[in-house]
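S.K.: Take this sequence and fold it.
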Amino acid sequence: MYLALWPGNVYPLGSTWDGKGTNFALFSENATGVELCLYDKDDRETRLALTEVSNFVWHGYLPGVGPGQRYGYRVHGPYAPHEGHRFNPNKLLIDPYAKAIDSDVGNGPELFGYSWDSPEQDLSFSDSDSASLMPKSVVIDQSFDWEGDQLLRTPWHETVIYETHVKGFTKKHPDIPEEMRGTYAGLGQTAAIEHLLRLGITAVELMPVHHFLSHPGHLIDKGLKNYWGYDSVNYFAPYAGYSSSGTLGEQVTEFKEMVKALHRAGIEVILDVVYNHTGEGNHLGPTLTLRGIDNAIYYRLVENDPRYYMDYTGCGNSLYVRQPQVLKLIMDSLRYWVLEMHVDGFRFDLASALARELYEVNSLAAFFDIIHQDPVLAGVKLIAEPWDLGTGGYQVGQFPVLWSEWNGRYRDTARDFWRGIDESLGKFAYCFTGSPDLYALNGRRPNASVNFITAHDGFTLNDLVSYNDKHNEENGEGNNDGESHNGSWNCGYEGETDDVEVLQLRERMRRNFLATLMLSQGIPMLLGGDEMGRTQKGNNNAYCQDNEISWFDWELPQGNEDLVNFARELVYFRKQHPVFRRRKWFQGRPIYGKGISDIEWFNPDGSEMTQEQWDIGYAKSIGVYLDGNQLPSVGPKGERISDDSFLLFFNAHYETIEFSLPNAMQHREWIVVIDTKEPRFLQEERRYTGNQAVPVVARSMVVLKRLG
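M.R.: Next comes the predicted model:
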């Protein structure tokens with residue numbers, strides 16, 4: 001193949017087609033040479049040396065080369081692991097700025113920069129070629145007719161998030177064409193979107209779609225694969241395995257079509273992004289991309305022994321976010337997904353790892369400063385998973401003002417309260433009101449708290465009330481993987497059972513969790529499938545289960561149709577009543593001189609809670625009054641907002657408790673709208689007034705609305 005290589009441009013990085021040819025640009029500060037490798041349809045390789053270098057960017061322009069062209073890089077330089085360098089031109093490398101990648105990474109010793117059988121391990125050098133096992137980067141045509149589509153910018157306080165997996169959500173959906181199941185196109189189908197709309201979902205939070213290492217060697221040997229996708233090997237290309245239309249750029253168009261379809265339905269798209277580490281692993285991992293391009297620049301290495309990697313993630317390495325080029329890579333990726341792919345926000349996996357400028361977590365790290373001043377990113381939804389595995393990595397409540405956080409304390413407290421753990425009442429009250437103890441003091445509002453009971457990492461809601469212990473035997477690690485402390489309760493029997501009493505209790509507990517989630521201040525996040533009783537058979541770490549364990553079963557078991565309807569009613573109830581989705585904190589004091597506060601807490605006998613009673617460790621029942629007469633925020637046009645007022649009675653005790661209406665409220669009439677002992681919202685009226693007792697059965701809750 002004869003190709004004329006022109007000097008080209010240093011910017012932008014990656015491969016850029018201009019209609020006449022393609023510019024290629026790759027950053028490597030320590031390389032001594034870079035070869036651009038082009039592949040034809042028969043996988044024949046043509047190598048071209050990039051001789052133009054500007055500001056450590058190796059670049060060149062090829063006229064006549066356009067969309068669909070597959071390519072990779074071979075980078076020359078020192079192979080000196082003790083100095084942090086791992087260059088090996090025998091290894092074909094993925095372009096970190098590639099917008100499409102044509103296939104999965106293969107498996108074999110050729111992928112590694114060292115010789116597997118050498119006693120020196122990674123200090124040895126491998127001269128075997130990896131090209132046959134490596135996916136190829138692809139030049140794409142970025143043009144697309146968005147038909148006027150824009151980011152939805154749904155206000156935070158109106159947001160209801162649904163965490164799900166692109167493949168698992170539709171893989172078994174009977175109303176989606178078989179060839180589209182488990183793909184971007186499948187998620188964009190009417191049948192999938194209608195389910196989300198019926199639930200009242202406003203945003204889907206998609207587990208990783210960046211192209212990832214899907215077949216790591218330790219899983220292939222067990223017949224498993226990386227299903228979750230938390231091992232990115234590129235931060236621009238949508239994972240090719242979720243495409244139904246092709247992998248030579250078609251996956252990019254298909255992803256855009258999915259986003260456009262969701263936006264038409266009023267549903268935002270939030271991506272779960274993994275900028276803290278890559279799929280190249282530790283010093284014994286494969287050489288796929290950044291390791292071979294410039295290991296010492298891209299990865300955080302042990303200061304006194306750069307052969308090894310700092311690992312704040314539990315995945316073998318951590319990106320070196322202090323390096324300007326690494327920050328640029330992350331920021332360029334984020335802007336690309338907003339500007340070119342129209343995503344509405346991001347959930348940052350192990351976000352504390354991104355804040356580590358030295359050895360500690362610093363909430364004023366350069367990463368956050370850069371995002372805050374960026375005109376593209378400052379206006380999208382930013383959600384942190386506020387922890388990593390390093391010392392001091394648990395940073396719930398410590399992120400800056402533009403950020404919301406997965407509130408892990410909310411999850412733990414709600415679980416402890418409903419399973420009857422002592423000393424959880426005060427913590428539960430804080431969490432129910434948006435966790436002001438975590439977020440109010442640093443200028444943040446209730447939307448800083450993304451509340452969740454379950455997430456992809458852990459038990460599903462069904463399994464949370466069905467198993468005391470994890471059952472991860474199918475993962476092939478002797479049940480030693482996954483979290484051992486789940487805050488779960490099996491309601492009296494481990495796993496599946498026909499015991500009617502146990503099943504009824506489990507159904508009630510599921511409704512308790514859903515109602516608590518949807519009526520708490522903050523942003524509710526529902527784990528996809530929880531509304532239909534999805535089970536993973538007790539597996540709380542199904543990262544490697546690309547099968548029926550993880551895929552949604554749309555053939556609902558008996559009784560779960562009621563759960564879907566109950567979840568749907570809850571979401572719409574929340575949307576109808578702004579008192580459950582306040583934009584500002586409760587004040588806990590009388591409003592405008594009235595005798596009733598915007599929020600009050602009561603004992604079951606109707607008396608107001610005292611400080612001493614908050615400290616009673618064994619207390620497991622409480623009432624709360626929410627006043628909706630005049631909320632502190634105004635509507636979008638400055639109009640006054642008011643709502644109904646509600647009494648909520650929570651009973652996590654193992655026996656029925658009769659609650660009394662507070663004295664100041666006995667002259668009004670109250671109607672029950674939710675009783676979690678019932679499978680649905682109440683269809684027949686139950687009214688209370690005066691000193692009538694309100695029975696709340698064991699482990700349930702009742703919500704009353706004031707009439708008049």
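S.K.: how about the strands in the stretch 551-700 of the chain?
M.R.: Taking DSSP state E, counting those that start in this stretch as the test, the strands found in the stretch 551-700 of the chain are 599-602, 621-626, 646-651, 657-660, 669-675, 687-688, 693-696, 700-707.
S.K.: okay if I get these as JSON lines plus mean neighbour count, distance to Gln398 and mean pLDDT?
M.R.: No exception for glycine: its C-beta is placed from N, CA and C like everyone else's. JSON lines is the format used below for those (neighbours: other Cβ atoms under 10 Å; distance: least, Cβ to Cβ, whole Å; pLDDT from 0 to 100):
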{"stretch": "strand 599-602", "mean neighbour count": "20", "distance to Gln398": "26", "mean pLDDT": "96"}
{"stretch": "strand 621-626", "mean neighbour count": "22", "distance to Gln398": "28", "mean pLDDT": "97"}
{"stretch": "strand 646-651", "mean neighbour count": "24", "distance to Gln398": "29", "mean pLDDT": "98"}
{"stretch": "strand 657-660", "mean neighbour count": "20", "distance to Gln398": "37", "mean pLDDT": "98"}
{"stretch": "strand 669-675", "mean neighbour count": "19", "distance to Gln398": "35", "mean pLDDT": "97"}
{"stretch": "strand 687-688", "mean neighbour count": "16", "distance to Gln398": "43", "mean pLDDT": "96"}
{"stretch": "strand 693-696", "mean neighbour count": "18", "distance to Gln398": "37", "mean pLDDT": "97"}
{"stretch": "strand 700-707", "mean neighbour count": "21", "distance to Gln398": "31", "mean pLDDT": "97"}
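S.K.: Make JSON lines from the ones you listed and add distance to Tyr572 to it.
M.R.: Shown next, in JSON lines, are these (distance: least, Cβ to Cβ, whole Å):
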{"stretch": "strand 599-602", "distance to Tyr572": "23"}
{"stretch": "strand 621-626", "distance to Tyr572": "18"}
{"stretch": "strand 646-651", "distance to Tyr572": "15"}
{"stretch": "strand 657-660", "distance to Tyr572": "26"}
{"stretch": "strand 669-675", "distance to Tyr572": "12"}
{"stretch": "strand 687-688", "distance to Tyr572": "22"}
{"stretch": "strand 693-696", "distance to Tyr572": "23"}
{"stretch": "strand 700-707", "distance to Tyr572": "14"}
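S.K.: Out of those strands, which is closest to Gly538?
M.R.: strand 700-707 (24.8 Å; Cβ to Cβ).
S.K.: for Asn462, helix, strand, or coil?
M.R.: Put simply, Asn462 is helix when judged by DSSP: H, G, I helix; E, B strand; the rest coil.
S.K.: ok, it - contacts?
M.R.: By Cβ atoms under 8 Å, 6 or more residues apart in numbering, the contact set of Asn462 is 506, 510, 530, 533-535.
S.K.: partners of the residue nearest the centre of the chain in the sheet?
M.R.: Taking Cα atoms, centre = their mean, the centroid of the chain lies closest to Asp272, which sits 4.3 Å from it. Following DSSP bridges, Asp272 is listed with bridge partners Arg347.
S.K.: go on, Tyr299?
M.R.: For Tyr299, the beta-bridge partners are Leu319 (DSSP bridges).
S.K.: pretty sure it is touching Arg291, no?
M.R.: Yes. Counting by Cβ atoms under 8 Å, Arg291 is a contact partner of Tyr299 at 7.2 Å.
S.K.: Counting by contacts, list what the longest helix belonging to the chain packs against.
M.R.: Taking DSSP state H as the criterion, the chain has its longest helix at helix 500-519. The helices and strands touching helix 500-519, judged by 3 or more Cβ pairs under 8 Å, 6 or more residues apart in numbering; DSSP states H and E, are helix 408-418, helix 461-464, strand 523-527, helix 560-576, strand 700-707.
S.K.: Neighbouring strands of the last one in the sheet, and parallel or not?
M.R.: Next to strand 700-707 in the sheet, as set by DSSP bridges, lie strand 646-651 (antiparallel), strand 669-675 (antiparallel).
S.K.: Just want the angle from it to helix 500-519.
M.R.: Interaxial angle of strand 700-707 relative to helix 500-519 (axes from the mean of the first three to the mean of the last three Cα atoms, to 10 degrees): 50 degrees.
S.K.: residues in contact with strand 700-707?
M.R.: Contacts of strand 700-707 (Cβ under 8 Å, 6+ apart): 508, 511-512, 515-516, 519, 644-651, 659, 665, 668-677, 687-688, 694, 696.
S.K.: cutoff 7 Å now
M.R.: 508, 512, 515, 644-651, 668-677, 688, 694, 696 (Cβ atoms under 7 Å, 6 or more residues apart in numbering).
S.K.: State the pLDDT value of Ile596.
M.R.: For Ile596, the model assigns a pLDDT of 67.
S.K.: go on, Phe368?
M.R.: pLDDT, Phe368: 85.
S.K.: How about Pro632?
M.R.: 85.
S.K.: for it, phi and psi?
M.R.: Phi and psi for Pro632, reported as degrees, to the nearest 10, are phi -70, psi -10.
S.K.: burial count for it?
M.R.: Neighbours of Pro632 under the rule other Cβ atoms under 10 Å: 13.
S.K.: With Ala296 instead?
M.R.: Counted with other Cβ under 10 Å, Ala296 comes out at 19.
S.K.: which phi and psi does the closest residue in space to it that isn't next to it in sequence have?
M.R.: Leaving out its chain neighbours, the residue that sits closest to Ala296 by Cβ to Cβ, 6 or more residues apart in numbering is Gly84, at 3.7 Å. In terms of degrees, to the nearest 10, the main-chain angles of Gly84 are phi 90, psi 0.
S.K.: What ranges in this protein fall below the confidence cut-off?
M.R.: 1-2, 357-364, 589-596 (pLDDT under 70).
S.K.: first vs last residue of stretch 533-542, how far apart are they?
M.R.: Length of stretch 533-542, first residue to last, Cα to Cα, to the nearest Å: 16 Å.
S.K.: residues in contact with it?
M.R.: 227, 458-460, 462-463, 467, 470-472, 474-475, 481-483, 486, 495, 545, 549-550, 552-553, 557, 560, 563.
S.K.: before we move on, what about stretch 599-618?
M.R.: Outside stretch 599-618, the residues within contact range by Cβ under 7 Å, 6+ apart are 422-423, 425-426, 429, 433, 586, 588, 619, 621-626, 657, 659-663.
S.K.: and what of stretch 81-90?
M.R.: 30-31, 35, 74-79, 113, 122-123, 125-130, 283, 287, 291-292, 295-296, 301, 306-307.
S.K.: Pull it out as CSV, backbone CA atoms only.
M.R.: The C-alpha trace of stretch 81-90 is given here as CSV (Å, rounded to 0.1, in the frame of the first residue of the first chain):
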residue,chain,number,x,y,z
PRO,A,81,10.3,-1.0,34.3
HIS,A,82,12.5,0.1,37.2
GLU,A,83,12.4,3.6,35.7
GLY,A,84,8.7,3.4,34.9
HIS,A,85,9.1,2.9,31.2
ARG,A,86,7.4,0.0,29.3
PHE,A,87,7.7,0.8,25.6
ASN,A,88,7.6,-2.3,23.4
PRO,A,89,7.0,-1.7,19.6
ASN,A,90,6.0,-5.4,19.2
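S.K.: got the buried residues for that stretch?
M.R.: Residues of stretch 81-90 classed as buried: 81, 84-90 (neighbour count, 16 or more other Cβ atoms under 10 Å).
S.K.: In strands, which of the residues you listed fall?
M.R.: If you go by DSSP state E, these have 85-86 in strands.
S.K.: from the buried residues of stretch 81-90, which is closest to Ala4?
M.R.: Pro89 (23.3 Å).
S.K.: so Val252 touches Ile101, yeah?
M.R.: No. Judged on Cβ atoms under 7 Å, Val252 makes no contact with Ile101 at a distance of 10.5 Å.
S.K.: Can you pull the residues that touch both of those two?
M.R.: Contacts common to Val252 and Ile101, judged by Cβ under 7 Å, 6+ apart, are absent.
S.K.: Confirm that Glu254 sits in a strand.
M.R.: No. Glu254 is assigned helix when assessed by three-state DSSP, not a strand.
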